[in-house]
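Novice: how would this look folded up:
(2 chains)
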Amino acid sequence: MAHHCCSRFLDLSRFRVLKGNQVISCADILSAMLLRGIGQKLQMAYGLNARLLGFLKSSRDKVILPCGDIAALVYLWNPFTIVSCVGLSTSPIENLAVVLALFGAVTRRVPLAAFGFVMATHLSLYPATLAIPIIIILGYGLDAPPIKLFLQTRSVENEKSSTSTVSKQAKSKQTTHLPFLWKTVAHFLFWVLLWSLYVLVLCALSLNKYGGLEEMFKRTYGFILSIEDLSPNIGVFWYFFAEVFDFFRNFFLIVFHVNVLFMLLPLVIRLKHRPCFLAFVYLAISSILKSYPSVGDSALYLSLWALFVNELIDMKFSFFLFCGYLGISLLSPVMHNLWIWRGTGNANFYFGNAIGYACFQIVFVVESVSAMLNHDRALRRSSSNHGEVKS
Amino acid sequence: MACLVRSWIPLLFLQSFLVAIAFGSNEGEEFSEELLLKPLPDRKVLAHFHFENRAPPSNSHGRNHHLFPKAISQLVQKFRVKEMELSFTQGRWNHEHWGGFDPLSSMNAKPVGVELWAVFDVPQSQVDISWKNLTHALSGLFCASINFLESSTSYAAPTWGFGTNSDKLRYGSLPREAVCTENLTPWLKLLPCRDKDGISALMNRPSVYRGFYHSQRLHLSTVESGQEGLGSGIVLEQTLTVVIQPETTSVETNMQPSWSLSSLFGRKVVGSCVLAKSSNVYLQLEGRLGHESKNVDTEIEAHKLWMNSDFDLSLKPDRVIRESSSLLFIFDIDKSSDSEPFDLGLTWKLPSKWSCEQAPLHASRFLMGSGNERGAIAILLKATESQEKLSGRNLTTDGRCTIKANIFQIFPWYIKVYYHTLQIFVDQQQKTDSEVLKKINVSPSTDKVSSGMLEMMLELPCEVKSAAISIEYDKGFLHIDEYPPDANQGFDIPSALISFPSHHASLDFQEELSKSPLLSSFKEKSLVRSYTEVLLVPLTTPDFSMPYNVITITCTIFALYFGSLLNVLRRRIGEEERFLKSQGKKRGGLKQLLSRLTAKIRGRPIEAPSSESPAAESSFLSSKLIFKIILVAGAAAAWQYFSTDK
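Specialist: Purely as a prediction, here's the structure:
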């Protein structure tokens, strides 16, 4: 089962198998290359927007970091990536599908985006939430400061740019809203439909003898949603559902799954001008609240985070979070070993670790969102100051 | 006179009724009681009680039984049981010393705990329902937790590995079931004389449960009458096998202990059960034919057999029968009475040594690996020094001599077996599947739904010394409620069954013995089987005292996530508000109202802009008021609607 990937820890005997898992290492390398591609696009957009707003001219000391290279390096050299690759987890393949979808959306290759999206959803269900950021990327374009700023700037400066598609469109329509490219989005939806039909037909054909699609949904999505497997992983659900009383089980299942969906709308409202960052937040949230999380998921959202180093450069608690991640990744194998293999620790040791990990991830996501909003605020402040000075 | 007649009439009725009962029992239902005693090579004595109750085919439903237990016949009728066997066992059968190749051991050496299998005579779709109902009925009947076999995780449907080929067969076993006198009492209730009279009077509870092994078994099978319109008859076979160590005062260590029934059981047999058609006691001595003369025709020769230089019997046997490798003394206990109770004794005079016939391969099973995450199960088959090995040999088409061994094993779902890791070693050399594996049938387990089953047929060369099978598994993690009260003790994996389909055990008596059900069942060929040990697998346990802590801590984390993220998203700083306000100034109207509303919700005092007129404020207030009124009215209407609906 593709989605069943618990955290596997470094095991010396596994190195022998390393030769045989070229598929997984290739998937990792490919994801890193695609991340680099996304990063280059984002970097270009960042530079362009900064110049448009006159932000770059005013603060010459600020250099644009090559975020694509950083993200690719973070992905490849992340111990979590290495562990999930060595442990033969399937999460590199799921990550590849997610990155493929984002890459397709960023480079406006609609069929590719649809394919990545359908495959990622098929493999692990949770990337279904990525539909929203992908549609926004395709409809409105890449990450940019809020549109209000451009209008403000333009009204002050009466200056126009001929290169930015965003401002071109904005200028041509002369409205406060960006035009939404319905055609591209419809194109995307059509391709999603096509690819999912294709995947489902293939599945139906291959599972014809074994109960068909209904059985597949029950055994894959049903398995994800009902959290039947209680083997320990890096999340908190396995212990929760091993301990919770049976008559509350359904209630908590609903509450926890709804929690994933609950934040989708507020985040869209607040971050609609930054769809790529929105995708990162969605992935991070789903990797915290996933039924069977693994460190491979963390590897993905950490490298996506690295795409926004320019914006998130003054994030709070970064050292604290770094130490937390480091401590958890060192402690959890120890606790797991103490509990499962030596029998000297008990389940609470490992669960305490998982709780700590969940807390650090939550703080990480919250601080990233906060830093991004602060960055927008700072842009606005500086641009309005800039405008006032000019006028 | 009239008074006399009146008192006579009921008596006459009673008498005729009793006569009818007596004749009724003669016409069909038969009960027989037998006891087989057998000294074992390791200074122990085996006592095998055998009771057989036959109900002939009859066409009347709700029939009136004289001897046959009504509970069992109702069970058979209700659940359409074709054949069934239930056994309660404590202790392990020692295949090495107590024999593994005779009908007694292949039929009565059972796995520890409760074992139940049944073949039903119902359509395929109803077999599972019948099985579930049967387990509940038996559970009530025998005061045991057989109803745990109801859940689909604890039973399996063997296809060919069990030895009985039927698709309506269900098999389940409970290794941890404690067997004690509360299971024996209902079992004895099924006997016509209970334990009050006849051979069953010997079953003194302390001496039975003091033994090294005891297994109480109930086997029932229906016999088709073959006639149209006539129902089927039932044969109920109840056996109790006990292995007891006789108390000995002898100082000589190599001398077999002498015993008598009263020293073994603390009781004597006083007369037979009057309802029994035959009640016999047998004494089987193995390996005593080498130096005996061939013919037992003359009285002196017969006398020599039971009173010779080796041993003495305290009673004179009624008959002596010889078998290929053993002697059988038959005693009829009808002659015994209160004044002269039947108390058979055996006194050894000379040290004596013999060995029992063993199955071609001795099976044992063990666990490998450490830790609570994964492990492996290994089944080891070792060659025994069995002369009988030759008799079971069969040559394959290309002239090789082979031994066939069937392995049947049930895995509970929390033992997640990886069937691809199956490895077979013959004489310490790994063999590929095609070399030794003739047939294999695997049904994988489903978590919390069904147990896994492995059936395989090995074909080993005759000169094999040892064969080992190993299979790896992962341990499952269970919900807190699924653990038994003492979770840290571990979980029991039921015994594997090793059977040898080309080997059959039987005793070939030279004389015709149609009268005794026990001996005729011994004469029939029975499949040689042996059960392996029960394995104890420790599983990881969660902390059983923590549910509330875990729930509260996890929910706190969710609150942290939700609260802090929402807080970050809705936080706005002064300048943004000013911007909004300036926009609101331009637009006025609704926008301003909204901004005010958001400010109100946030509970932040908002400095009223000077341009705002009191009229606007009043309109705002009124709209708020109207909203409130509508809300309350809506709630009232909804309440009214739902309350009248009921």
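Novice: Tell me, how many residues neighbour the residue in the stretch 251-391 of chain A that chain B sits nearest to?
Specialist: Relative to chain B, the nearest point of the stretch 251-391 of chain A is residue A:341 (4.0 Å; CB to the nearest CB). Where you see a C-beta, it was placed from the backbone N, CA and C, and this is true even at glycine. Per other CB atoms under 10 Å in any protein chain shown, the neighbour tally for residue A:341 reads 13.
Novice: The residue in the stretch 151-300 of chain B that chain A sits nearest to and residue A:378: what is the separation?
Specialist: Nearest to chain A, among the residues of the stretch 151-300 of chain B, is residue B:153, at 13.7 Å (CB to the nearest CB). To residue A:378, residue B:153 is 61 Å away according to CB to CB, to the nearest Å.
Novice: More neighbours: these two, which one.
Specialist: Set side by side, residue B:153 and residue A:378 show more neighbours around residue B:153, with 21 against 13, by other CB under 10 Å.
Novice: so that one makes contact with residue B:452?
Specialist: No. Assessed by CB atoms under 8 Å, residue B:153 is found out of contact with residue B:452, at 9.9 Å.
Novice: on that earlier part again, contacting residues around the residue of the stretch 151-300 of chain B closest to chain A?
Specialist: Residue B:153 is in contact with B:412, B:413, B:445, B:448, B:449, B:450, B:451, counting by CB atoms under 8 Å, 6 or more residues apart in numbering or on different chains.
Novice: Now list the buried members of the residues you listed.
Specialist: B:412, B:413, B:445, B:450, B:451 (16 or more other CB atoms under 10 Å in any protein chain shown).
Novice: Distance to chain A for those residues - can I get that in a markdown table?
Specialist: Shown next, in a markdown table, are the buried ones among the contacts of residue B:153 (distance: CB to the nearest CB, whole Å):
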| residue | distance to chain A |
| --- | --- |
| B:412 | 15 |
| B:413 | 11 |
| B:445 | 13 |
| B:450 | 14 |
| B:451 | 16 |
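Novice: For those, name the two members farthest from one another.
Specialist: The most widely separated members of these, counting by CB to CB, are B:412 and B:450 (10.0 Å).
Novice: The strand or helix carrying residue A:131 packs against which elements?
Specialist: Applying DSSP states H and E as the criterion places residue A:131 in helix A:131-140. Using 3 or more CB pairs under 8 Å, 6 or more residues apart in numbering or on different chains; DSSP states H and E, the elements in contact with helix A:131-140 are helix A:91-106, helix A:110-124, helix A:182-206, helix A:264-271, helix A:275-289.
Novice: Let's have those in a markdown table, adding mean pLDDT.
Specialist: Shown next, in a markdown table, are those (pLDDT from 0 to 100):
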| stretch | mean pLDDT |
| --- | --- |
| helix A:91-106 | 93 |
| helix A:110-124 | 94 |
| helix A:182-206 | 93 |
| helix A:264-271 | 90 |
| helix A:275-289 | 93 |
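Novice: Out of these, which gets nearest to chain B?
Specialist: helix A:264-271 (4.9 Å).
Novice: low-scoring stretches of chain A, by residue?
Specialist: A:1-20, A:55-62, A:152-178, A:386-391 (pLDDT under 70).
Novice: Now with 80, please.
Specialist: Residue ranges of chain A with pLDDT under 80: A:1-21, A:51-64, A:143-179, A:380-391.
Novice: quick check: longest helix of it.
Specialist: Longest helix of chain A, by residue count under DSSP state H: helix A:347-390.
Novice: Run the angle between it and helix A:275-289 for me.
Specialist: Here helix A:347-390 runs at an angle of 160 degrees relative to helix A:275-289 (axes from the mean of the first three to the mean of the last three CA atoms, to 10 degrees).
Novice: Just want the angle from helix A:347-390 to helix A:264-271.
Specialist: Angle, helix A:347-390 to helix A:264-271, by the same axes, to 10 degrees: 30 degrees.
Novice: Any residue of helix A:347-390 touching chain B?
Specialist: Yes. Counting by CB under 8 Å from any CB of the partner chain, chain B has neighbours in helix A:347-390: A:347-348, A:351, A:355, A:358-359, A:362-363, A:365-366, A:369-370, A:373, A:377, A:380-381, A:384.
Novice: I only care about those that end up buried; give me the PyMOL line for that.
Specialist: Selecting just the buried residues from these in PyMOL takes one command, with 16+ other CB under 10 Å as the test:
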select buried, chain A and resi 347+348+351+355+358+359+362+363+365+366+369+370+373+377+380+384
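Novice: neighbouring contacts of stretch B:279-286?
Specialist: The contact list for stretch B:279-286 (CB under 8 Å, 6+ apart) reads B:32-39, B:198-199, B:269, B:272-273, B:311, B:313, B:317, B:325-334, B:342, B:344, B:346, B:354, B:356, B:516, B:518-519.
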